[in-house]
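Novice: got a predicted structure here, sequence first:
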Amino acid sequence: MRLLIIHENPRPDSSCNDLIKTALELGHEVKYVRTRRLIARLSRTGMEVIDYSTHDRVDCYDGGVVRSFGHMISLSQFMRRVAILRLLELRGVVLMNPVSSLVEARNKLLTLIKLKSAGIPVPETLSTESLRVAYDEAKRMCPLVMKPIIGSRGYGVVLAQDADTVFNIMKSSLTYGQPLLLQEYVESRGCDIRAFVVGSQVIAAMRRRATQSWKTNIAQGGKGEAIRLSEELEELAIRAAQVMNLWYAGVDIVEGKEGTYVLEVNASPEWRELKHVAGVNPAKYIIEFLVEKVKSGELP
Ligand SMILES: Nc1ncnc2c1ncn2[C@@H]1O[C@H](COP(=O)(O)OP(=O)(O)O)[C@@H](O)[C@H]1O
Ligand SMILES: [Mg+2]
């Protein structure tokens with residue numbers, strides 16, 4: 001099979017390298033492409049997607065793993081890249097995760113709404129573009145977590161102790177057109193759970209312990225420890241991935257005193273730490289799942 005690994009970086013990162021290596025080992029042909037280098041051509045005779053770096057047609061590949069649309073990009077760049085990836089799908093390239101699911105999962109507010117609609121517990125959350133509303137609600141909710149609507153690796157996620165801190169942060173972020181989510185702080189002694197779901201299976205899980213900040217992200221110094229999930233937590237993680245229509249996902253679960261919540265569902269989770277502590281390589285499961293999807297012939 002001919003497979004694409006799609007990312008923004010000039011060179012593949014560790015997850016992309018795992019995917020490339022695994023695909024080659026399984027006997028597939030693999031090409032690494034950068035989202036910014038993709039060209040869409042709509043001509044009199046039809047449509048094609050070309051890789052600017054090599055002038056190759058990439059719309060004749062069978063499938064692809066989309067790892068990143070790109071960081072710090074404008075709304076127009078995001079829209080352009082979404083459209084081109086969607087064109088790849090329309091040309092018959094099976095993308096994992098499906099583009100529409102990737103777009104929805106990038107939106108933390110929409111993710112929480114979809115999870116909550118499906119009956120999956122999420123922390124109490126407020127989204128507003130009004131500073132007055134944010135201030136008034138913060139008086140009731142503090143301490144609370146402020147987080148960007150688009151974000152990852154814990155960047156820009158702030159723990160605010162009082163309403164005036166919320167006021168100051170929200171005031172500047174609103175000035176730049178960046179409304180932050182306000183979320184109930186779930187105390188869990190600096191730990192949470194990362195469950196890695198592929199298809200309808202949790203392939204590995206770890207407890208993440210914060211070491212350098214109050215956040216558990218590996219990018220923020222969090223350390224992982226392999227664990228076996230209870231049946232209920234496995235089911236919760238699988239359901240969360242399915243609600244988001246993700247073929248693979250990293251589901252973050254926090255166990256607080258008053259309940260267990262899904263914090264977020266990552267559509268392009270990194271796995272270096274998980275692979276290290278759990279001894280499981282997600283790349284193998286992802287490529288195998290993608291190949292099955294290509295063989296089944298169903299398109300998203
Ligand atoms: N409501 C919350 N209560 C407690 N801790 C939280 C909450 N939201 C986020 N965190 C902490 O902050 C980290 C990053 O938040 P998250 O929403 O997962 O954003 P990101 O996409 O940047 O990882 C989490 O891994 C967790 O440690
Ligand atoms: Mg997270």
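Specialist: Now that the structure is in, tell me what you want to look at. Ligands and ions are numbered 1, 2, ... in the order given.

Novice: contacts only, for the residue nearest to Cys191 when sequence neighbours are not counted.
Specialist: Distances taken as Cβ to Cβ, 6 or more residues apart in numbering place Arg209 nearest to Cys191, at 5.3 Å, with adjacent residues excluded. Bear in mind the C-beta positions are built from the backbone N, C-alpha and C, glycine included. Arg209 is in contact with Gly190, Cys191, Thr216, Gly222, Lys223, Gly224, Glu225, counting by Cβ atoms under 8 Å, 6 or more residues apart in numbering.

Novice: poorly predicted segments of the protein, please.
Specialist: Along the chain, the parts satisfying pLDDT under 70 run over 299-300.

Novice: next to ligand 2, which bits of it? Give me the list.
Specialist: Neighbours of ligand 2 within the chain, by Cβ under 5 Å from the ion: Asp252, Glu264.

Novice: kindly report the domain assignment for the chain.
Specialist: According to automatic domain parsing, the chain comprises the domains 2-96+289-296, 105-121+188-269, 125-184.

Novice: can you give me the strands for the stretch 151-300 of the chain?
Specialist: 158-160, 181-184, 191-198, 201-209, 223-226, 248-256, 259-266 (DSSP state E, counting those that start in this stretch).

Novice: which residue does the stretch 201-300 of the chain have closest to ligand 1?
Specialist: Nearest residue of the stretch 201-300 of the chain to ligand 1 (Cβ to the nearest ligand atom) works out as Thr216 at 3.6 Å.

Novice: and that residue, how close does it get to Gly256?
Specialist: Thr216 sits 13 Å away from Gly256 when distances are taken as Cβ to Cβ, to the nearest Å.

Novice: neighbour count for those two, which is higher?
Specialist: Neighbours were counted for Thr216 and for Gly256 using other Cβ atoms under 10 Å; Thr216 has more, 25 against 16.

Novice: tell me the contacts of the more buried one?
Specialist: The contact partners of Thr216, by Cβ under 8 Å, 6+ apart, come to Gly154, Gly190, Cys191, Asp192, Arg208, Arg209, Ala210, Gly222.

Novice: nearest spatial neighbour of the fifth one, skipping sequence neighbours?
Specialist: With Cβ to Cβ, 6+ apart as the measure, Thr216 is the residue that lies nearest to Arg208, at 4.0 Å, once sequence neighbours are left out.

Novice: return the member of the contacts of Arg209 nearest to Thr111.
Specialist: Thr216 (17.9 Å; Cβ to Cβ).

Novice: end to end, how far does stretch 172-179 reach?
Specialist: Taking Cα to Cα, to the nearest Å, stretch 172-179 runs 9 Å from one end to the other.

Novice: just give me the neighbour total for the closest residue to Ile253 other than its chain neighbours.
Specialist: In space, Ile253 comes closest to Ile193 once its chain neighbours are excluded; the distance is 4.3 Å by Cβ to Cβ, 6+ apart. When neighbours are counted by other Cβ under 10 Å, Ile193 registers 23.

Novice: so what's Ile193 bridging to?
Specialist: Beta-bridge partners recorded for Ile193 (DSSP bridges): Arg207, Ile253.

Novice: and it, what does it touch?
Specialist: Residues in contact with Ile193 (Cβ under 8 Å, 6+ apart) are Ala205, Met206, Arg207, Arg208, Ile227, Leu229, Leu233, Asp252, Ile253, Val254, Glu255.

Novice: I am finished for the moment; much appreciated.
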